[in-house]
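*Asks:* Generate a structure from the sequence data that follows.
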Amino acid sequence: MSIDLATVRRIAHLARIDIDDAALAPMAGELNQILSWVEQLAQVNTDGVPPLTSVVDAELPRRADVVTDGGYPQDVLANAPRAEHGFFAVPKVIE
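*Replies:* Have a look, this model is predicted:
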């Protein structure tokens, strides 16, 4: 894939970048080099390579997935503008 000056001008317009006409040709060359590098990546054989989420093989500590009230519901409800029957009370928004 090759990028011409019109495409560079359009990309600059979409990115809201002001590029003068003298800089369009060097920018096209740079973008073409980037695209050729990306095309080289597509040629790499990745069969049998698992997806990588991190370069460090580490897992985050996990807590038990248990539903609790947090142990201090009165303290939480103290922050509520209005509470009723142990819950946050909100105004009705649907008629």
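*Asks:* Going along the chain, name the helices of the chain.
*Replies:* Remark: helices assigned in the chain by DSSP state H are 5-14, 21-42, 73-77.
*Asks:* closest to residue 90 out of those helices?
*Replies:* Evaluated over those, closeness to residue 90 peaks at helix 73-77, with 13.0 Å, by C-beta to C-beta. Using the backbone N, CA and C atoms, a C-beta is placed for each residue, glycine as well.
*Asks:* I'd like to know the average pLDDT value across the closest one.
*Replies:* The average pLDDT for helix 73-77 rounds to 87.
*Asks:* Looking at the helices of the chain, which one is packed in the most?
*Replies:* Counting by mean count of other C-beta atoms under 10 Å, helix 5-14 has the highest mean neighbour count of these, with a mean of 13.
*Asks:* circling back: wait, which of the helices of the chain is closest to residue 88?
*Replies:* Comparing those under C-beta to C-beta, the one sitting nearest is helix 73-77, at 7.2 Å.
*Asks:* how much space between the residue with the largest distance to the centre of the chain and residue 73?
*Replies:* Note on the chain: the largest C-alpha distance from the chain mean falls to residue 85, namely 40.3 Å (C-alpha atoms, centre = their mean). Distance from residue 85 to residue 73, counting by C-beta to C-beta, to the nearest Å: 11 Å.
*Asks:* Residue 88 now?
*Replies:* According to C-beta to C-beta, residue 88 and residue 73 sit 11 Å apart.
*Asks:* Just give me the residue right at the centre of this structure.
*Replies:* Computing the C-alpha centroid of the chain and ranking residues by C-alpha atoms, centre = their mean puts residue 53 first, at 14.1 Å.
*Asks:* mind listing what it touches?
*Replies:* The contact partners of residue 53, by C-beta atoms under 8 Å, 6 or more residues apart in numbering, come to none.
*Asks:* can you list contacts of the worst-scoring helix or strand of the chain on mean pLDDT?
*Replies:* Ranking every helix and strand in the chain by mean pLDDT, DSSP states H and E puts helix 73-77 at the bottom, with a mean of 87. Helix 73-77 is contacted from outside by 70, 83, 86, 87, 88, using C-beta under 8 Å, 6+ apart.
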